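K.L.:
Predicted structure and sequence below. I'll ask about it afterward.
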Amino acid sequence: QVQLDESGGGLVQAGGSLRLYCAASGRTFSRYVMGWFRQAPGKEREFVAAINWSGGITQYGASVKGRFTISRVDAKNAVELQMNSLKPEDTAVYYCAAGATVSIHRNAYTSWGQGTQVTVSS
């Protein structure tokens with residue numbers, strides 16, 4: 001498994017941008033599919049985005065497509081999530097995850113970070 005550590009969350013006004021960063025430990029990082037999920041209070045954890053080992057395949061949740069971009073920084077064992085045009089409904093704890101297959105399903109990912117809070121004010 002790989003250890004994951006998220007950062008970059010915070011408070012931003014609607015329409016603003018944030019970039020989340022997920023640093024991974026382990027020499028096999030480049031073999032993993034990386035994903036981002038989010039969970040708002042009282043709601044289930046929701047798929048946000050995923051990227052395959054080469055960066056050539058990405059997938060996004062319908063609610064963020066066109067606004068969020070996932071990318072890998074393999075030289076730094078990291079993955080980023082650029083979030084633009086943020087809305088109050090994007091408020092949630094955002095989790096980084098690692099797995100073997102690009103998937104929207106939580107159970108496809110075997111390693112999870114602790115999460116970082118994103119709050120979007122109206």
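P.N.:
Perfect, thanks for sending it. Numbers count the residues shown, from 1 in each chain.

K.L.:
Check the offset of the host helix or strand of residue 59 from the chain's centre.
P.N.:
Using DSSP states H and E, residue 59 sits in strand 58-60. In terms of Cα atoms, centre = their mean, to the nearest Å, the centre of strand 58-60 is found 11 Å from the chain centre.

K.L.:
Then stretch 16-35?
P.N.:
Offset of stretch 16-35 from its chain centre (Cα atoms, centre = their mean): 8 Å.

K.L.:
What residues of that stretch count as buried?
P.N.:
Residues 18, 20, 21, 22, 23, 24, 29, 32, 33, 34, 35 are the ones in stretch 16-35 that count as buried (16 or more other Cβ atoms under 10 Å). All C-beta spots, glycine's among them, are computed from the backbone N, C-alpha and C.

K.L.:
do the same with stretch 84-96
P.N.:
In stretch 84-96, counting by 16+ other Cβ under 10 Å, buried: 86, 90, 91, 92, 93, 94, 95, 96.

K.L.:
can you redo the residues you listed as JSON lines with distance to residue 80, pLDDT and secondary structure?
P.N.:
Output for the buried residues of stretch 84-96, formatted as JSON lines (distance: Cβ to Cβ, whole Å; pLDDT from 0 to 100; DSSP: H, G, I helix; E, B strand; the rest coil):
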{"residue": "86", "distance to residue 80": "15", "pLDDT": "98", "secondary structure": "coil"}
{"residue": "90", "distance to residue 80": "16", "pLDDT": "98", "secondary structure": "helix"}
{"residue": "91", "distance to residue 80": "20", "pLDDT": "98", "secondary structure": "coil"}
{"residue": "92", "distance to residue 80": "17", "pLDDT": "98", "secondary structure": "strand"}
{"residue": "93", "distance to residue 80": "17", "pLDDT": "98", "secondary structure": "strand"}
{"residue": "94", "distance to residue 80": "12", "pLDDT": "98", "secondary structure": "strand"}
{"residue": "95", "distance to residue 80": "14", "pLDDT": "98", "secondary structure": "strand"}
{"residue": "96", "distance to residue 80": "10", "pLDDT": "97", "secondary structure": "strand"}
